[in-house]
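> Let's see this in three dimensions:
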Amino acid sequence: MSSTEIYVGCGLRSEAIANRFLNGYAPKRSAVAVEYPFPEFVDFPEVIYKTEYELIERLMLEPLSSYSIYWDCEGDAEQVMLFFTADGHMIAGVGGPKSSFEKTLSDLRDLVEGRFGYVTEGSCPPESFRDFELLSRSSSLPCIVDGQLLNRNKL
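Numbers count the residues shown, from 1 in each chain. Sure, this is the predicted structure:
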């Protein structure tokens, strides 16, 4: 798997945008996890969801809960990801993009109504959207800032 990942912050934390991203970018996908303890990373979860869709419904009801969900896929990427931040945002990610970074950033921006995004080498996005925006603004690689694709052909 390629270590290059591309992230774009979603315009809204919504089930509709999550589904649009997953169905549009990775229609053939399989969840990496077999179950989803909630909250994430606790010794004694209050519930364990059997599907990622049940978990996404819960994350819509609790917008200040954070979680990371991964899928392996066929098509334009090796893996897709959704990150739910503790400050109420959602970030869509693509690992191992098969298209150019500029095209992938633009496609993701359009799918998720994003205004910020960047290319990275195998590191998860930050836990807050404010930090995500700052990383996007400071990137010297192709990125999305205020909805515009910047730094073309810098990779």
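> Could you measure from the spatially most central residue of the chain over to Asp43?
Nearest residue to the geometric centre of the chain (Cα atoms, centre = their mean): Ala92, 2.0 Å. According to Cβ to Cβ, to the nearest Å, Ala92 and Asp43 sit 29 Å apart. In short, each C-beta sits where N, CA and C put it, glycine included.
> try Met90
Here the criterion is Cβ to Cβ. By it, Met90 lies 26 Å from Asp43.
> Pick out whichever of these two has more residues nearby.
More neighbours surround Met90 than the other of Met90 and Asp43, with 26 against 5 (other Cβ atoms under 10 Å).
> quick one: that one from Glu113, how far?
Distance, Met90 to Glu113, by Cβ to Cβ: 11 Å.
> Give the residues shared as contacts by the two.
Contact criterion Cβ atoms under 8 Å, 6 or more residues apart in numbering; residues shared by Met90 and Glu113: Cys10, Leu12, Ile17.
> Give the helix, strand or coil label for Arg58.
Secondary structure, DSSP: H, G, I helix; E, B strand; the rest coil: Arg58 is helix.
> list the contacts for it?
Counting by Cβ under 8 Å, 6+ apart, Arg58 touches Phe38, Val47, Tyr49, Ser65.
> So for the last one, what's the nearest residue that isn't a sequence neighbour?
Excluding its sequence neighbours, the residue lying closest to Ser65 (Cβ to Cβ, 6 or more residues apart in numbering) is Leu59, at 5.8 Å.
> so what's the one you found scoring on pLDDT?
Model confidence at Leu59, given as pLDDT, is 97.
> Just give me the neighbour total for it.
By other Cβ under 10 Å, 24 other residues sit near Leu59.
> was I right about it contacting Tyr53?
No. Counting by Cβ atoms under 8 Å, Leu59 does not reach Tyr53; the two are 10.6 Å apart.
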